[in-house]
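Colleague: I would like to see how this sequence folds:
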Amino acid sequence: LGMEIHIASGNSRIPVTHTDSIGSDERILMERKIIHIDMDAFYASVEQRDNPELRGIPLAVGHAEERGVVAAASYEARKFGVRSAMSSQRAKRLCPQLTFVSGRMDVYKAVSRQIHEIFHEYTDIVEPLSLDEAFLDVTENKQNIPLAVDIAKAIKQKIREELHLIASAGVSYNKFLAKIASDYRKPDGLCTIHPSQAEEFIKRLPIESFWGIGPVTAQRMHSLGIHNGEQLRACSQEMLTRQFGKAGILYYEFSRGIDLRPVEAVRIRKSVGCEHTLEKDISQQSSVIIELYHVATELIERLQRTGFKGNTLTLKIKFHDFNQKTRSITQSHELTTLAEILPLAKGLLKDIEYTTHPIRLIGLSVSNPYEKNEEKARWEQLSFSIQAGTIVGKELFTFFNRNLTFLYRLSHPSFQCPHQLFRIILDIIKHFGNRFPVDDLLDVVTFFIYRYMHCIRITEKIVHISQNFLIGPNQKDTDIISIFSFQR
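Modeller: Modelled structure (predicted):
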């Protein structure tokens, strides 16, 4: 199917031509301009900036006592092998002259806000990952700068001049490659991975550098003969899914330079948790249960404070040798009280052997924001039905599927009219409305809207409006568009 679709945007109409070719979708994805900014040794650099006596010496932010952990290390300390999350005792063995300073989280948060003010001079599509790193989508930017690399240079320069700190930046057409690029030439790095360079770049990439592949997964990859991007790309999706579950799909796509995830200016909380590092390693059951109770009590307080509700509980145990294990359990109801969470946590603990492996840290978290079972089953059944081909009108499904990247682009917050996605849905309904049964049309619209919005409430609202449009096709387009003028 090839068709020209006109998108209403203010007083102008922008023609966007699409064909069935995969190349068309790829071109749309590769038009995105994503920057990943990562502050270099952020906590340590702030301390060195504010205290000249700390400049040029190996520095760690954290506590030097026996149970202390390095929160951040300066580049002078990193030359000795000191890294964040390392025990303070090991760090001091690696670098006897290491200086420790206590962290000042309120200061780091204040500096982070200043950094974000600089980001927002160029775009409001900023997705923070932590205090010291963020993604920016500058496909459409406030200063109309055509090249993302020039925006990255300007941001780095402003951070250096105004805040006296150093940032590294990665530029590419998706989040996966932008994040890798920012780490490629640290410190004070700037690396751009152009679409034409992506395949060759990924080929040479060590498997440990892929986003989401930690030491344990890397070991499994090595056992399968996968050591770099080229070898990963040679694996089928079926094989990677069999070995690594859902993550296998991500690895398959990353190895081909594919990452459809948008930069999300508003991040939805997906979990709430807490963890305690113990003053001494413990292995007696009574001591472990007491500590577990304290962690669970704090978790309940955090759940009440944030208002978060989820139905999956995860237990994290870190042993004396820094190895760790996690266990999870999902319930059919929300986990909100100590009476519910503590017995589940004890049950998860039974699956972990700690009598001969003393425990250093205990953590608990609640995740998986709760959806009503009947609603969730409805969406899962709809997804299954469509993907299994039991919905008639495969031509319609094919059109939607091949234009997913187009739909993503239209729903992107960088467009001035957030309802453009819905405008195009209505155009498609017009195009196919007389050729397929209404129910089939709505099923496919529902599936793809939900796939993008990930929100049952908004999806149902859009589908309801679409249904009204199909029933009453004489309704004015302007009336329909006005209905869609709500926040995402």
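Colleague: Please name the bridge partners of the closest residue to Leu303 other than its chain neighbours.
Modeller: Leaving aside its chain neighbours, Leu303 sits nearest to Val272 (5.6 Å; criterion: CB to CB, 6 or more residues apart in numbering). All C-beta atoms are positioned from the backbone trio N, CA, C, and that covers glycine. Beta-bridge partners for Val272, by DSSP bridges, are Val366.
Colleague: cool, the one 5 residues further on as well?
Modeller: Bridge pairing for Thr277 (DSSP bridges) gives the partners Leu361.
Colleague: ok, it to His357 distance?
Modeller: 16 Å (CB to CB, to the nearest Å).
Colleague: quick one, which of these two is more surrounded?
Modeller: Between Thr277 and His357, His357 has the larger neighbour count (other CB atoms under 10 Å), namely 16 against 12.
Colleague: ok, now how distant is the more buried one from Leu364?
Modeller: Distance from His357 to Leu364, by CB to CB: 19 Å.
Colleague: Gln331 too?
Modeller: 14 Å.
Colleague: now the strands for this structure?
Modeller: Assigned by DSSP state E, the strands in the chain fall at 3-9, 12-18, 34-39, 59-62, 70-73, 99-101, 126-130, 133-137, 167-172, 190-192, 271-282, 310-319, 324-330, 359-369.
Colleague: Output the contacting helices and strands for the last one.
Modeller: Using 3 or more CB pairs under 8 Å, 6 or more residues apart in numbering; DSSP states H and E as the contact criterion, the neighbours of strand 359-369 among helices and strands are strand 271-282, helix 285-306, strand 310-319, helix 338-349.
Colleague: Just give me the lowest mean pLDDT stretch among the ones you listed.
Modeller: Ranked by mean pLDDT, the helices and strands packed on strand 359-369 end with strand 271-282 in last place, scoring a mean of 89.
Colleague: and the angle for that strand with strand 310-319?
Modeller: Relative orientation of strand 271-282 and strand 310-319, computed by axes from the mean of the first three to the mean of the last three CA atoms, to 10 degrees: 30 degrees.
Colleague: For Lys92, find the nearest of the helices and strands packed on strand 359-369.
Modeller: strand 271-282 (17.4 Å; CB to CB).
Colleague: Just give the number of residues close to Leu136.
Modeller: Applying other CB under 10 Å, I find that Leu136 has 28 neighbouring residues.
Colleague: Also Gln237?
Modeller: As a measure of burial, Gln237 has 12 neighbours, counting by other CB under 10 Å.
Colleague: if I look at the closest residue in space to it that isn't next to it in sequence, how far off is Met239?
Modeller: Nearest non-adjacent residue to Gln237, counting by CB to CB, 6+ apart: Tyr252, 4.4 Å away. Look at Tyr252 and Met239: by CB to CB, they are 9 Å apart.
Colleague: picking up where we left off before, the residue nearest to Leu303 is in contact with Arg302, isn't it?
Modeller: Yes: here Val272 lies in contact with Arg302, judged by CB atoms under 8 Å, at a distance of 5.2 Å.
Colleague: hey, what's in contact with both of the two?
Modeller: Phe308 (CB atoms under 8 Å, 6 or more residues apart in numbering).
Colleague: Which one's more surrounded, these two?
Modeller: A count of neighbours by other CB under 10 Å puts Val272 above the other of Val272 and Arg302, at 19 against 15.
Colleague: any idea how far that one lies from Leu190?
Modeller: Distance from Val272 to Leu190, by CB to CB: 36 Å.
Colleague: count of residues packed around the residue nearest to Gln237?
Modeller: By other CB under 10 Å, neighbour count at Tyr252 equals 20.
Colleague: residues contacting it?
Modeller: Tyr252 touches Cys235, Ser236, Gln237, Leu240, Thr241, counting by CB under 8 Å, 6+ apart.
Colleague: Can you say which of these are buried?
Modeller: Among the contacts of Tyr252, those classed as buried by 16 or more other CB atoms under 10 Å are Cys235, Leu240, Thr241.
Colleague: Filter those down to the ones in helices?
Modeller: Counted as lying in helices by DSSP state H, out of the buried ones among the contacts of Tyr252, are Leu240, Thr241.
Colleague: What does Gly257 show for phi and psi?
Modeller: phi 70, psi 20 (degrees, to the nearest 10).
Colleague: Look up the closest residue to it, ignoring the ones flanking it.
Modeller: Ala198 (4.1 Å).
Colleague: about what we covered before: neighbour count: Gln331 and Leu364, which is higher?
Modeller: Leu364 (26 against 15).
Colleague: Pull the contacting residues for Ala247.
Modeller: Taking CB under 8 Å, 6+ apart, one finds Gly212, Thr217 in contact with Ala247.
Colleague: scratch that, Glu199 is what I was asking about
Modeller: With CB under 8 Å, 6+ apart, Glu199 has these contacts: Arg256, Gly257.
Colleague: Could you do Gly248 as well?
Modeller: Gly248 neighbours (CB under 8 Å, 6+ apart): Gln237, Met239, Leu240, Thr241, Arg242.
Colleague: One more pass at 6 Å, please.
Modeller: By CB atoms under 6 Å, 6 or more residues apart in numbering, the contact set of Gly248 is Leu240, Thr241.
Colleague: same question, Gln324
Modeller: Lys318.
Colleague: and what of Gly307?
Modeller: Applying CB under 6 Å, 6+ apart, no residues contact Gly307.
Colleague: how close does it sit to Pro369?
Modeller: 11 Å.
Colleague: Could you tell me how far the residue nearest to Gln237 is located from Asn174?
Modeller: 15 Å.
Colleague: ditto for Tyr43
Modeller: For Tyr43 relative to Asn174 (CB to CB), the value is 29 Å.
Colleague: now swap in Ala85 and tell me
Modeller: 27 Å.
Colleague: Compare neighbour counts for those two and give me the winner.
Modeller: Asn174 (24 against 11).
Colleague: thinking again about what came up before, got the contacts of Tyr252 as JSON lines, with pLDDT columns?
Modeller: Converted to JSON lines, the contacts of Tyr252 look like this (pLDDT from 0 to 100):
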{"residue": "Cys235", "pLDDT": "94"}
{"residue": "Ser236", "pLDDT": "93"}
{"residue": "Gln237", "pLDDT": "90"}
{"residue": "Leu240", "pLDDT": "92"}
{"residue": "Thr241", "pLDDT": "89"}
